[in-house]
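# Generate a structure from the sequence data that follows.
(2 chains)
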Amino acid sequence: MMGRNALLPLVAIVGPTASGKSALGVWLAERLGGEIVACDSTQLYRGFDIGTAKPSSSDRRSIPHHLIDVLNPMEEATAGGYRQLALAVLEQLRRRQRIPVFTVGTGLYLRALLEGFAEVPRRSEELRARLRASAEEHPRGYLHRILNRLDAEAARKIAAGDEQKLIRAIEVCLLARKPISEVHRSGRTPLKGWRVLKIGLMPSREKLMERINARTEAMLARGWMQEVRALLESGLSENAKPFDFIGYRELRAVIQRKISLDEARAAIQQATRQYAKRQLTWFRKEQNVRWFSGFGDDTKVQASVMEWLQAADVA
RNA sequence: GGACGGGUGGGUGAGUGGCUAAAACCAGCAGACUGUAAAUCUGCCGCUCCUUGCGGGCUACGAAGGUUCGAAUCCUUCCCCGUCCA
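As a prediction, the model looks like this:
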């Protein structure tokens, strides 16, 4: 089954939300002796199920799924944290000689895993709070000027208005006691020991939009609203990160009577479309992806993916 | 029938004689992104031509006329919409 290649294959399915990554993943896992590893920043969270499109138990068909429901809502998901978790899963799968099939919605997380992360200090909430506070007391462009003083090269790459990235860059410079660009140059450790095969799903924009709209309706019909209500009533803080995910924030606004359900539905569909677009922008740049036009649950697409994998000596 | 208010680019909505192809926001398109990434940010966004320039031409602020060197902005008539009075 491994052919002449000694490395165990690692399959990664990338594509915009609602392109059928999960369906294709399970279909492949069944045929390759694989297991699913979710690569999605939102599916990490327990309790937020419908809106994050976690595959249901029947969707999963007895194929083990990893890295879903591993965080409490008050925990912070990060790319580096994901990498650690994923490396552990990979070790386990290697021992059992199972093929990992990643379903990738969060491109940054896949990159963190495959290409590694430089040794970078973790976030420091105190430092961030201080930076944010002094940014408010100073005129526009304050953070950018600070970064420029610490690391002109990094400052050139980050827009003056991008507070989030500026703060992170300043944070790294201060905590590492050297410019972030130097830290980055010191290198990343790419994943070794796996033969990575990237599969991209690229449905037509128009059909994808239709799917997104329909899926939003279906999620609402499945009781998404009740899920949000129950989460709120469970005493969970409204500040929990997942409450800001697409859909959860809109439905929360409905519960708070700020908007109507119809408005929420439209807003969710729109935000999801925009999200899909951003994913596409990210994935288009991803190296060595074999793209397939269509959805992952399309039998024709599945057949051609399998054909490609066989040609690549995987199946 | 009468009195007001209003009709602006895909949408909302500023703009009351030149600095306005027309603020701002949204949508859309393209892009960036090494620990918040379902996040955050950037550019473009009437049509067109090229020598791609703070360049040229054309079209545009309900319609048609008019005033003016010059109008989305002033005048006239008409057509719509909203509110109120009959």
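# Now do the same contact list for residue A:148.
residue A:155 (C-beta atoms under 8 Å, 6 or more residues apart in numbering). The way it works is simple: take the backbone N, C-alpha and C, and place the C-beta from them, glycine included.
# separation between it and residue A:223?
50 Å (C-beta to C-beta, to the nearest Å).
# tell me which residues in the helix or strand containing residue A:31 are buried?
Per DSSP states H and E: residue A:31 is located in helix A:21-32. Applying a neighbour-count criterion of 16 or more other C-beta atoms under 10 Å, the buried positions in helix A:21-32 are A:21, A:22, A:23, A:24, A:25, A:26, A:27, A:28, A:29, A:32.
# Equivalent analysis for stretch A:215-227, please.
A:215, A:216, A:219, A:220, A:224, A:225, A:227.
# Same question for stretch A:229-242.
For stretch A:229-242, by 16+ other C-beta under 10 Å, it's A:231, A:232, A:236, A:240, A:241, A:242.
# Specify which member of those is nearest to RNA strand B.
residue A:241 (6.8 Å; C-beta to the nearest atom of the strand).
# Let me know whether the closest one touches residue A:78 as I believe.
No - counting by C-beta atoms under 8 Å, residue A:241 stays clear of residue A:78, with 10.7 Å between them.
# Could you check how many residues crowd around residue A:284?
Each residue near residue A:284 was counted by other C-beta atoms under 10 Å, and the total is 12.
# I meant to write residue A:104 there.
If we define neighbours as other C-beta under 10 Å, then residue A:104 has 25 of them.
# can I assume it is in contact with residue A:43?
No - in this structure, residue A:104 is not within contact of residue A:43 by C-beta under 8 Å, at 11.1 Å.
# ok, back up a step: so which other helices or strands are in contact with the helix holding residue A:31?
strand A:8-14, strand A:34-39, helix A:57-60, strand A:99-104, strand A:194-201, helix A:299-311 (3 or more C-beta pairs under 8 Å, 6 or more residues apart in numbering; DSSP states H and E).
# Any chance of a markdown table for these, columns mean pLDDT and distance to residue A:175?
Shown next, in a markdown table, are those (pLDDT from 0 to 100; distance: least, C-beta to C-beta, whole Å):
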| stretch | mean pLDDT | distance to residue A:175 |
| --- | --- | --- |
| strand A:8-14 | 97 | 31 |
| strand A:34-39 | 98 | 27 |
| helix A:57-60 | 96 | 41 |
| strand A:99-104 | 98 | 30 |
| strand A:194-201 | 97 | 31 |
| helix A:299-311 | 97 | 43 |
